[in-house]
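Student: Have a look; sequence and predicted model below, questions after that.
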Amino acid sequence: MNEFNNLNTVPEVILKLVQEFSKLPGIGKKTAQRLTYYLVRTNTEDAKSLAESIMSVKNNIILCSECLNITEIDPCNICNNPQRDKSRICVVEEALDVLALERTGIYKGLYHVLHGVISPVNGIGPEDIKLNKLIERINSGNFIEIILAMNPNLEGEATSMYINQLVIDKSINITRPARGISIGSDIEYADEVTLGQAISGRQKF
Amino acid sequence: MFRERSRIYKTEAIILKQIPFLEKDRIITVYSQEYGKLRLVAKGIRSPKSKFGGSLETLNSVSLSIIKRTNLDLITEVYTNITYVNLRNDLHLLSKSMYWIELIDSFTVQNQPIENMFLLTEFALDLINSRQCNDLCLRYLELKLITISGYSPEIFECTHCRNKLEPSDHLFSFSDGGIFCDKCIKHSNSSLIKISFNSMKILRMLYREKHINKIQNIHVDKIIKLEIENFLINYLRYILEKDIKSYKFIKKISKLL
């Protein structure tokens, strides 16, 4: 950015926007410069619409008081939908995971977004994620199944096992998505853990 | 001992932690045998079709091929040497191993290998995975970690006058890293922690002992165990100048189970 700063010809507002863009995840300084100069060239309507969309995300988006998913209305469309199966709850790490599961079109129950996973190495303990609200929901509702759909990595496993331990006394079915080889990949290249779990969780043809 | 990395290098390593990076990548922190702690990029690892699959999971012991780059080095090939399966299926074991890797991560600095640190890490994970790591064994591992990192406590003689210690309760100074005898208390720079003679006896035994199976079979009074635990945890906190998050997690888990 230094060589960029030295050019006195670059207006202050452009430098400011480049700086703002480079704060976004996955955007480096070069990309930020490209985006900024694209916006300079684009028509006012498009730029205005972008600015408005950014502001409305910040102003209108809230967390659903039930499932803690991001939403415009409270309770969210999923919690409010009478067609959804209210006896099942699927626990996920992030709001984006809800989107991925909804795309499958198979799951018709409710969700709970934890907004993180237990990861003491990164300084995140059970008290730092939305676990209390989940336990509160489980205690006050009539659920027959809890699906622990955390990412299949160490932190996800730790969080799943921790939740399992918290609700183990209640007569609720605790399940988690099956593990296996992804469609279109080769068994030859699958790692031992995935392949092992795929074999032990095999299904009748 | 600093070792210069060549353009393409190979090493054995233990995966300590990882954070998402860009669209499909991750930055993986490992502790390697030859080069100490390294921060590496695994390209495309978050995609289900990634060639790395689950081989770069935290706590795995792996052989890595790495390309040196100006900023973060790039992992090109992984071979899983050990997957600690029990750790992943038992919350109690998992919490202990998370505690261990947090300690290793906190005690080490990038590109500065510490002699025997890799072996100790692998030994500790192996011990926890075998379900043989009781509380006293964990204290043994902590003490070994403190020692090889260069913070070995002086528990056999007075830190100031070097005289042999009387068989009684002792006063330990974290900032001086050792015990002060009654005559030398005035020379201590900071407040002193009292530790009972019996606890110190066990600590000395842990310090001297080379074989873990002897420690597994010792029966120690609960109060003494707790005193040793508090002493070592506070010493670790003093050295690291921070709280150890996964220690709190272990405590939470043991209340649950």
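Tutor: That came through, no problem.
Student: show me the biggest strand of chain B in terms of residues.
Tutor: Longest strand in chain B, counting residues (DSSP state E): strand B:8-21.
Student: which residues are in contact with the following helix or strand past that strand?
Tutor: For strand B:8-21, the succeeding helix or strand toward the C-terminus, using DSSP states H and E, is strand B:25-32. Contacts of strand B:25-32 from elsewhere in the structure, counted by C-beta atoms under 8 Å, 6 or more residues apart in numbering or on different chains, are B:11-21, B:37-46, B:56, B:62, B:64, B:72, B:75, B:104-105, B:108, B:113, B:117-118, B:121. C-betas here are computed from N, CA, C, even on glycine.
Student: What's the first helix or strand after the strand or helix carrying residue B:232?
Tutor: If you go by DSSP H and E, residue B:232 is part of helix B:222-240. Going down the chain from helix B:222-240, the next helix or strand is helix B:245-256, by DSSP H and E.
Student: report the angle between the axes of that following helix and helix B:222-240?
Tutor: Using axes from the mean of the first three to the mean of the last three C-alpha atoms, to 10 degrees, the direction of helix B:245-256 lies 160 degrees away from that of helix B:222-240.
Student: hmm, back to that, give me the contacts around the helix holding residue B:232.
Tutor: Outside helix B:222-240, the residues within contact range by C-beta under 8 Å, 6+ apart are B:103, B:106-107, B:135-136, B:139, B:142-143, B:146, B:149, B:151, B:153, B:172, B:174-175, B:193, B:195-196, B:198-199, B:202-203, B:206, B:243-244, B:247.
Student: same thing but 7 Å
Tutor: With contacts defined as C-beta atoms under 7 Å, 6 or more residues apart in numbering or on different chains, helix B:222-240 is touched by B:106, B:135-136, B:139, B:142-143, B:146, B:151, B:153, B:174, B:193, B:195-196, B:198-199, B:202-203, B:243-244, B:247.
Student: Narrow the residues you listed to those in helices?
Tutor: Applying DSSP state H to those, the entries found in helices are B:106, B:135, B:136, B:139, B:142, B:143, B:146, B:198, B:199, B:202, B:203, B:247.
Student: Give me the buried subset of these.
Tutor: Buried members of those, scored by 16 or more other C-beta atoms under 10 Å in any protein chain shown, are B:135, B:136, B:139, B:142, B:143, B:146, B:199, B:202, B:203, B:247.
Student: distance of the fifth one from chain A?
Tutor: Residue B:143 sits at a distance of 21 Å from chain A (criterion: C-beta to the nearest C-beta, to the nearest Å).
Student: shouldn't that residue be in contact with residue B:208?
Tutor: No - in this structure, residue B:143 is not within contact of residue B:208 by C-beta atoms under 7 Å, at 10.2 Å.
Student: Between helix B:135-146 and the helix holding residue B:232, find me the angle.
Tutor: 20 degrees.
Student: Unless I'm misreading it, residue A:93 sits right up against residue A:118, doesn't it?
Tutor: No - with contact defined as C-beta under 7 Å, residue A:93 does not reach residue A:118; the gap is 10.4 Å.
Student: residue ranges of the helices in the stretch 1-150 of chain B, please?
Tutor: Taking DSSP state H, counting those that start in this stretch as the criterion, the stretch 1-150 of chain B contains helices spanning B:85-89, B:91-107, B:117-129, B:135-146.
Student: Could you export those as CSV, including mean pLDDT?
Tutor: Listed next are those as CSV, based on pLDDT from 0 to 100:
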stretch, mean pLDDT
helix B:85-89, 89
helix B:91-107, 95
helix B:117-129, 96
helix B:135-146, 95
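Student: and the ones you listed, which is most packed in?
Tutor: With neighbours defined by mean count of other C-beta atoms under 10 Å in any protein chain shown, none of those is more surrounded on average than helix B:91-107, at a mean of 22.
Student: How about the residues of chain A by chain B?
Tutor: Among all residues of chain A, those adjacent to chain B (criterion: C-beta under 7 Å from any C-beta of the partner chain) are A:26, A:120-123, A:125-126, A:153-154, A:157-158, A:161-162, A:165, A:182, A:185, A:189-194.
Student: If we use 6 Å, what do you get?
Tutor: For chain A, the residues in contact with chain B under the definition C-beta under 6 Å from any C-beta of the partner chain are A:26, A:120-121, A:123, A:125, A:154, A:157-158, A:161, A:165, A:182, A:185, A:191, A:193-194.
Student: Neighbour-wise, which one of those residues leads?
Tutor: Ranked by neighbour count under the definition other C-beta atoms under 10 Å in any protein chain shown, the residues of chain A next to chain B are headed by residue A:158 with 27 neighbours.
Student: part of a helix, is it?
Tutor: Yes - looking at residue A:158 with DSSP: H, G, I helix; E, B strand; the rest coil, it is inside a helix.
Student: Nearest residue to it in space, please, no chain neighbours.
Tutor: Spatially, and ignoring its direct neighbours in sequence, residue A:158 is nearest to residue A:118 (4.9 Å; C-beta to C-beta, 6 or more residues apart in numbering or on different chains).
Student: With residue A:204 as the reference, measure out to the one you found.
Tutor: 35 Å (C-beta to C-beta, to the nearest Å).
Student: These two - which one has more neighbours?
Tutor: Each of residue A:118 and residue A:204 had its neighbours counted (other C-beta under 10 Å), and the higher figure belongs to residue A:118 (31 against 3).
Student: wait, doesn't the more buried one sit right on residue A:157?
Tutor: No - using C-beta atoms under 6 Å, residue A:118 makes no contact with residue A:157, being 9.6 Å away.
Student: so who does the residue of chain A at minimum distance from chain B touch?
Tutor: Nearest residue of chain A to chain B: residue A:120, at 3.3 Å (C-beta to the nearest C-beta). Remark: with contacts taken as C-beta atoms under 6 Å, 6 or more residues apart in numbering or on different chains, residue A:120 is in contact with B:98, B:102, B:245, B:246, B:249.
Student: ok now the helix or strand encompassing residue A:19, how far from the chain's centre?
Tutor: Per DSSP H and E, residue A:19 falls inside helix A:12-21. With C-alpha atoms, centre = their mean, to the nearest Å as the basis, the distance from the averaged C-alpha position of helix A:12-21 to the chain average is 29 Å.
Student: Buried residues, the helix or strand just after that helix. List them.
Tutor: Heading C-terminal from helix A:12-21, the first helix or strand you meet, by DSSP H and E, is helix A:29-41. Using 16+ other C-beta under 10 Å as the test for burial, helix A:29-41 gives A:32, A:33, A:35, A:36.
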